[in-house]
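Novice: return atomic coordinates for the entry below.
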Amino acid sequence: MDSISNLEATSSPADQQRISPATSFSSSSSAASQARSRSIIHPFRIGDFRSSSSAALDLARQLSLQIEESIGRIGSTRKLVGHSSCINALTWSSGSDGKWMASGGDDNKILLWDMYGDFEAPIASCQGPRGNIFTIAFNASNTTLFTAGTDERIHVYDVSRLGSPSEADTPYFSNQTARQRIEQHDDMVRGISAHPSNDALFLSCSADGQIVQHDTRAQSNFSTRCIDHNCEINDVKYHPLTHDLFISCDENGGVWLHDARQAFSSATSANNTFVQSNGISNVSMERRGVVQKYVNLITKPGYTGLCRPEASSIAVDAEGDRFAVTFLQHLPTIYSINDPYPIATVSGKHLPDGSSIPVGERTYNNSSTTKHGSFSPLGTHYVAGSDDFRSYVWHIPSNEWLLERRRKMTEADWLEEGNPNFEGPLIGS
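Specialist: Numbering: from 1, shown residues only. Sure, this is the predicted structure:
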């Protein structure tokens, strides 16, 4: 086991760079082992100007300038007007051009926007959901749109006309109804992920504890295969390149990499519930196609206990080399796809010059509502929303850079560094 790296953020529109408090991950997997000994994975604090390492200070300032320069290149924004209530879900059309964007929220509307247009109004709209919309996804060819939320149903819309309008000044369609409504789940649907290359396949996850694979090629009401958990599933995402893999996260903080060929094989019994616990059996994991379980036990300086924060959403970069998990009451955490331990956390603690956040000013926090994040097309930046109504943007170095700076500590060292009076070299070697 190694340790992790902790990055600082630039918030928009305030353009403020910040870093996180020291919070680390533990390698313990049971209460008994926690009582005996623990190894602590300690964040590398980029930008912590209290450090006595001049080389580390230069590195932190250099990264700070890179972030500010990147944020400065973000162009002017336009306000898209169309919804009458909170917007909970946004998605871009598949492919490299990102021409279309779909939005949905508490007003039960689905609006589609031409991101190469003038943004004066949505170019199309869909209707049908009877509750708040939580998730939206285009299929691989952008001919179908999937939406779902609190009404427990998945609504499937034909949006194939997006590519061929009859008249440039006329909306493609207005208040289109769903061509299919899928009633597979028994509780709100939290996430949908369309297969990256097969238009007929998509995944859904729900508070009912199910991850469902849907196949639209079925003659009847979309054939399905299920994975049953004993807790609410908050998100699911296909791997963008290795299409047999997908990642899920749940209310108990579990983050899992699955192989769909095993998870949804005919030999898998839908009635054999996936039991999540510290002592989970390998047989149960294999039956659910779990090929990697990611470490999610965390602690903080000077504290001997452990907790497992709820994992509310997942974002995967375009190459599938890494992904971010948004944890409730914790920091967005970056994982390498093939490493069970985090390689970074990102947050806001200091301003770009290293000074502390002014008294009374809020910074990154995630203690209410479901937050989502997204990687830039090249995977070099990550953006997420915060309770203070800001969007925070972080520059993410390469996995190799982060891995070189992970630290493994004994519990005794962690408790010593956690002392508020300890001012040791927290950056560098």
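
Novice: so, low pLDDT: which residues of the stretch 151-300 of the chain?
Specialist: 163-172, 218-224, 266-287 (pLDDT under 70).

Novice: can you show me the strands along it?
Specialist: Here the stretch 151-300 of the chain has its strands, by DSSP state E, counting those that start in this stretch, at 154-158, 173-176, 180-182, 189-194, 201-206, 210-215, 223-228, 233-238, 245-250, 255-259, 290-293, 298-299.

Novice: could I get these in CSV, plus columns for mean neighbour count?
Specialist: Bear in mind the C-beta positions are built from the backbone N, C-alpha and C, glycine included. Shown next, in CSV, are these (neighbours: other Cβ atoms under 10 Å):
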stretch, mean neighbour count
strand 154-158, 23
strand 173-176, 15
strand 180-182, 17
strand 189-194, 26
strand 201-206, 25
strand 210-215, 22
strand 223-228, 18
strand 233-238, 25
strand 245-250, 25
strand 255-259, 22
strand 290-293, 17
strand 298-299, 24
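
Novice: let's have these in CSV, adding distance to residue 348.
Specialist: Formatted as CSV, those follow (distance: least, Cβ to Cβ, whole Å):
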stretch, distance to residue 348
strand 154-158, 36
strand 173-176, 41
strand 180-182, 40
strand 189-194, 26
strand 201-206, 29
strand 210-215, 33
strand 223-228, 36
strand 233-238, 23
strand 245-250, 23
strand 255-259, 23
strand 290-293, 29
strand 298-299, 18
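
Novice: residue 142 is nearest to which of those strands?
Specialist: strand 189-194 (9.8 Å; Cβ to Cβ).

Novice: who touches the closest one?
Specialist: Contact partners of strand 189-194, identified using Cβ atoms under 8 Å, 6 or more residues apart in numbering, comprise 94, 134-140, 144, 146-149, 152-154, 201-207, 232-238, 246, 313, 370.

Novice: okay, helices next: where are they in this protein?
Specialist: 31-36, 54-72, 260-263, 282-287, 399-404, 411-417 (DSSP state H).

Novice: quickly, which of those bottoms out on average pLDDT?
Specialist: Among those, helix 31-36 carries the lowest mean pLDDT, a mean of 38.

Novice: mind listing what the residue nearest to residue 322 when sequence neighbours are not counted touches?
Specialist: Nearest non-adjacent residue to residue 322, counting by Cβ to Cβ, 6 or more residues apart in numbering: residue 336, 5.2 Å away. By Cβ under 8 Å, 6+ apart, residue 336 lies in contact with 321-322, 343, 399, 403.

Novice: try it again at 7 Å.
Specialist: Residues near residue 336 by Cβ atoms under 7 Å, 6 or more residues apart in numbering: 321-322, 343, 399.

Novice: so how far is residue 161 from it?
Specialist: Distance from residue 336 to residue 161, counting by Cβ to Cβ, to the nearest Å: 41 Å.

Novice: now residue 85
Specialist: 27 Å.

Novice: repeat that for residue 235.
Specialist: 30 Å.

Novice: with residue 355 instead?
Specialist: 54 Å.

Novice: higher neighbour count, the two?
Specialist: Ranked by neighbour count (other Cβ atoms under 10 Å), residue 355 and residue 161 place residue 161 first, with 13 against 9.

Novice: residue 115 versus that one, what's the distance?
Specialist: In terms of Cβ to Cβ, residue 161 sits 17 Å off from residue 115.

Novice: greatest separation within the contacts of residue 336: which pair is it?
Specialist: Going by Cβ to Cβ, the pair spanning those furthest: 321 and 343, at 10.4 Å.

Novice: between the two, what contacts are shared?
Specialist: Common neighbours of residue 321 and residue 343 (Cβ under 7 Å, 6+ apart) are 336, 399.

Novice: residue 298 pairs with what?
Specialist: residue 25, residue 307 (DSSP bridges).

Novice: thought residue 305 was touching it, still the case?
Specialist: No - using Cβ atoms under 7 Å, residue 298 is not in contact with residue 305, being 10.0 Å away.

Novice: ok now do residue 240, which residues does it touch?
Specialist: So residue 240 contacts 196, 316, 318, 320 (Cβ under 7 Å, 6+ apart).

Novice: of all the strands of the stretch 151-300 of the chain, which lies closest to residue 123?
Specialist: Nearest to residue 123, of the strands of the stretch 151-300 of the chain and by Cβ to Cβ, is strand 173-176 at 8.9 Å.
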